[in-house]
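>>> Structure of the sequence below:
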Amino acid sequence: MKALVLLALLAAAGCTRPAAPTPAPETRKAAFWNGWDFTIGQGSTNVRWSRPVFDATGNPVDVTGATVVFRYRLINQSADAVQHAGSVTGTFPPRAASYLFTSADTATPGDYNVSFIVTLPIADGGADGSAETFAYPTDRFLKLQITPAP
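Numbering: from 1, shown residues only. Model (predicted):
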């Protein structure tokens, strides 16, 4: 009750609460909620999605020197909507497979299946060109939701 009286007095005195700034599309934050691994707004840019890579026993994988491809497609479709070069970010442990979204990537709202394709030189440093390629995560797709612009 006291809080309401105080608010009424402040309003009568002309004091207003500043409005929260509306974030620009390029600074919208991703969220991990509602079963989605990543949520981003339509048209958002310069938002990086990074996922540490773990092996089947839950140990971090050192992806130093790896190449990464980020791919996603609408749920229930077989053709990839996007397949672009990703990157490796951070320091081990854990380094992460990463992708920086462009406005073209986020132009179409919808629900997507996502995976990172990691190509990792074999333990000998891949001196002979040998490498291991795998999709991460290995047991499921990550879920991406692109929400319609307000």
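>>> I'd say Y72 and L144 touch.
Yes. Assessed by CB atoms under 8 Å, Y72 is found in contact with L144 at 5.8 Å. Quick note: C-beta positions are derived from backbone N, CA and C, even for glycine.
>>> Give me the common contacts of those two.
Listed as contacting both Y72 and L144 by CB atoms under 8 Å, 6 or more residues apart in numbering are 112-114.
>>> Most neighbours among those residues, please name it.
Y112 (22 neighbours; other CB atoms under 10 Å).
>>> ok, it - contacts?
72-75, 81, 143-146 are the contacts of Y112 under CB under 8 Å, 6+ apart.
>>> Could I get the full set of helices for this structure?
2-12 (DSSP state H).
>>> Sketch out the low-pLDDT regions of the protein for me.
Scanning the chain for pLDDT under 70 picks out the ranges 1-35, 123-129.
>>> burial of the residue nearest to N113 when sequence neighbours are not counted, as a residue count?
Excluding the flanking residues, the one nearest N113 by CB to CB, 6 or more residues apart in numbering is F141, at 3.7 Å. F141 has 15 neighbours, counted by other CB under 10 Å.
>>> Same check on T108?
13.
>>> Confirm for me that it is in contact with L144.
No. Taking CB under 8 Å as the definition, T108 is not a contact partner of L144, at 11.5 Å.
>>> For stretch 76-95, list every residue counted as buried.
80, 82, 84, 86, 88-89, 94-95 (16 or more other CB atoms under 10 Å).
>>> Determine how far stretch 37-53 lies from the middle of the whole chain.
3 Å (CA atoms, centre = their mean, to the nearest Å).
>>> Next, format the shared contacts of Y72 and L144 as TSV and append distance to T45.
Formatted as TSV, the shared contacts of Y72 and L144 follow (distance: CB to CB, whole Å):
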residue	distance to T45
Y112	17
N113	22
V114	18
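>>> roughly how far apart are the most centrally placed residue in the chain and R71?
Nearest to the mean C-alpha position of the chain, counting by CA atoms, centre = their mean, stands W49 at 2.7 Å. Distance, W49 to R71, using CB to CB, to the nearest Å: 12 Å.
>>> Appreciated, that's everything.
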